[in-house]
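>>> Whatever this is, show me its structure:
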Amino acid sequence: QENWRAQGIQPYPAFLATAKAASAAGLQLFIHANGDAAMDDVINAVDTLKLPAGHRTIVIHSQVQRPDQLPRYAAMGITPSYFTNHTYFWGDVHRGNFGEERAAHISPIRSAMALGLNASNHSDFIVTPLDPMFILWTSMARTTRSGFVLGSAERLNAWAGLKALTINPAWAYREEGRRGSIEVGKLADFTLLSANPLTTPVARIRGIKVLGTMKEGRFVWETVK
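Below you'll find the model as predicted:
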């Protein structure tokens, strides 16, 4: 409907009270916020609560994000976990609902990283398939179901896309000291892939297969030889 606005699931005073109670208990805040008004509530809550340095508040989805909200995230220590599969599965719908300019800025992961944010990426399974290579592809291609490129300025290169699926999520969970990258002293958790994402053309990224999965230095799954 023309000029329609979404209604929040939780009124701001109730949300603020919940965030205050959680932070007072020493809990890290992980908050689901899809619309820009919901993100305004998160920003205002973090500002009001004066959370301690290094609070690492994570906003799940941060989907319909306005450009002016990203600098506030950066200034206040708020970090987004995006869902770039949105661009493929619902990108064409977003163009119709929000217009080209707003739709192009959905899941602005490259802009977030440019501001120094450790933005991560996720699948929201079972809403979309649990397929890391497909997620990587959507962050790099930002192509809709119809083949339209939605926000070319927000496309990631392969290295940044991989960081959003590995190193940055580990940081979000305060586990960067033991997982997220292959380094001495960290858990030997990784996958063996059928091709190198760093050298594979974007169009073929989602065709990369997992050949084996290693957990703490031991293969726990391998393809049948």
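>>> For residue 156, see how far away the residue most central in space within the chain is.
Residue closest to the mean C-alpha point of the chain, counted by CA atoms, centre = their mean, is residue 82 at 2.3 Å. Shown here: residue 82 relative to residue 156, a distance of 10 Å by CB to CB, to the nearest Å. No exception for glycine: its C-beta is placed from N, CA and C like everyone else's.
>>> burial count for residue 156?
The local packing count at residue 156 equals 22, with neighbours defined by other CB atoms under 10 Å.
>>> wait, what's in contact with it?
When contacts are counted by CB atoms under 8 Å, 6 or more residues apart in numbering, residue 156 is found next to 109, 110, 113, 139, 140, 164.
>>> repeat for residue 106
By CB under 8 Å, 6+ apart, residue 106 lies in contact with 63, 64, 65, 86, 87, 91, 94, 98, 150, 151.
>>> Give me the pLDDT value at the residue nearest to the last one when sequence neighbours are not counted.
Pointing back at residue 151 there. Excluding the flanking residues, the one nearest residue 151 by CB to CB, 6 or more residues apart in numbering is residue 104, at 3.7 Å. Model confidence at residue 104, given as pLDDT, is 98.
>>> Any figure for the gap between the residue nearest to residue 32 when sequence neighbours are not counted and residue 197?
The shortest distance from residue 32 to any residue that is not its chain neighbour, by CB to CB, 6+ apart, is 4.6 Å, and that residue is residue 60. Between residue 60 and residue 197 the distance, using CB to CB, works out to 24 Å.
>>> now do residue 71
Counting by CB to CB, the gap from residue 71 to residue 197 is 30 Å.
>>> Look at residue 164 and say how many residues are nearby.
Residues lying near residue 164 (other CB under 10 Å) number 26.
>>> now residue 44
Residue 44 is flanked by 14 other residues according to other CB under 10 Å.
>>> Ok, residue 18 next?
Residue neighbour count, defined by other CB under 10 Å, stands at 14 for residue 18.
>>> Residue 65 touches residue 39, doesn't it?
Yes - checked against CB atoms under 8 Å, the pair residue 65 and residue 39 is within contact range at 6.2 Å.
>>> on that earlier part again, among residue 71 and residue 197, which residue is more densely surrounded?
More neighbours surround residue 197 than the other of residue 71 and residue 197, with 20 against 11 (other CB under 10 Å).
>>> So that one is in contact with residue 160, correct?
No - in this structure, residue 197 sits apart from residue 160 without contact. The criterion is CB under 8 Å, and the distance is 11.2 Å.
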